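Asks: fold the following and give me the result.
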Amino acid sequence: MQPISKQTIEGRLSYTHHIRHSGKDVNIVFGQNSTGIEKLYQQFLLYKLIIGNDMPVFIFEGKTDPLYIRYALQMLHNDYPSLITVTKEKIDYHVKLCTITKSFQRIFHVPSGSSGLDYLIEHYYSQRKIFALDADRKPVIFIYDNDEGAKKIKGKLKNFSNVDPKEMNSNSVYRLFDNIGVIFSTEITGGTIEDLFPPDLLTVKLDGKPFSKENEFNQEKFYGKRDFAKKVIGSRRKTVDFSGFRTILNHMKNVTENMTW
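Replies: Reported below is the predicted structural model:
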């Protein structure tokens, strides 16, 4: 009998979860108790993301952060061959870039942003004994990009790490336990990840509207991060100066080339 692929298992769990919840209230209730099928689905997703990955994983707090990093890697690819290969035919990423998606929020009953990252770290720590760690495990790095989120997770480190929060800064990738690590990009940017772009790009208007870096804003007066990422940065990426992203990319390079997990 042939072993069942991860894709097949995920497809069956996703379908079962969808059928169980179709026609029900789809609002995400944070902290809600999980059903039996959800717990099984959660365990599988944790395995797939943290144990069963075939390349290093970087999980970002912001929804548009992975897109910025992809653009930066594409334009600076010659300096980061361990992270990306670009040819005339295709682009191959050697790392997985992701964030907390809506479906992930719904399945785990968690919010997005830093709280979602906190939950993933803590939940995996509490569940990790049920998993068999592969000797060839790949690193999974959580990247926090706001001061509040960084302070919260630093305050919780004593629960599962020997790292002294007072020694944590932007100069290192910190290994918490097993193959889990963190980077605090807010200490690199001094603000938000958008501040790594040249200032003139932050003043570009779309349909007469200025850009807002806030997660909550008046959409009649401003445009948000998604449009900024796709319509401002994406459309200009071949001419954008991505040098401000080098510190984050260098940390990612260090994870893939020099650190033992």
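Asks: break the chain down into its domains, please.
Replies: What the record gives for the chain is the domain set 8-13+38-190+243-257, 198-240, from automatic domain parsing.
Asks: gap between the two ends of the last one?
Replies: Right, the one you point to is domain 198-240. Domain 198-240 has its terminal residues 8 Å apart, counting by Cα to Cα, to the nearest Å.
Asks: which of the residues in stretch 69-78 are buried?
Replies: Ile69, Arg70, Tyr71, Ala72, Leu73, Met75, Leu76, His77 (16 or more other Cβ atoms under 10 Å). (C-beta placed from N, C-alpha, C; glycine too.)
Asks: name the surrounding residues that touch that stretch.
Replies: Here stretch 69-78 makes contact (Cβ atoms under 8 Å, 6 or more residues apart in numbering) with 58, 60, 80, 83-86, 91, 93, 97, 233-234, 237-238, 240, 242, 245-246, 248-249, 252.
Asks: inside strands: which ones of those?
Replies: Using DSSP state E, Phe58, Phe60, Ile84, Thr85, Val86, Ile91, Tyr93, Leu97 are the members of the contacts of stretch 69-78 that sit in strands.
Asks: just name the closest of those residues to Ser112, please.
Replies: Phe60 (10.6 Å; Cβ to Cβ).
Asks: and the helices in the stretch 101-250 of the chain, which stretches?
Replies: In the stretch 101-250 of the chain, the segments counted as helices under DSSP state H, counting those that start in this stretch are 102-108, 113-127, 147-156, 186-189, 225-227, 235-236, 246-257.
Asks: check what pLDDT the closest residue to Gly244 other than its chain neighbours gets.
Replies: Closest residue to Gly244 apart from its sequence neighbours, by Cβ to Cβ, 6 or more residues apart in numbering: Leu196 at 3.5 Å. Per-residue pLDDT puts Leu196 at 92.
Asks: can you check Ala135 too?
Replies: With respect to pLDDT, Ala135 has a value of 65.
Asks: likewise for the one 10 residues further on?
Replies: The predicted structure scores Asp145 at 79 on the pLDDT scale.
Asks: cool, Thr186 as well?
Replies: pLDDT, read off for Thr186, is 70.
Asks: what is the end-to-end distance of stretch 198-217?
Replies: Stretch 198-217 has an end-to-end distance of 22 Å (Cα to Cα).
Asks: scratch that, stretch 71-86 is what I was asking about
Replies: One end of stretch 71-86 sits 12 Å from the other (Cα to Cα).
Asks: average pLDDT for it?
Replies: The pLDDT scores in stretch 71-86 average 97.
Asks: can you give me the offset of it from its chain's centre?
Replies: Mean-position distance between stretch 71-86 and its chain equals 18 Å (Cα atoms, centre = their mean, to the nearest Å).
Asks: can you point out the buried residues in stretch 122-142?
Replies: Residues of stretch 122-142 classed as buried: Tyr124, Tyr125, Arg128, Lys138, Pro139, Val140, Ile141, Phe142 (neighbour count, 16+ other Cβ under 10 Å).
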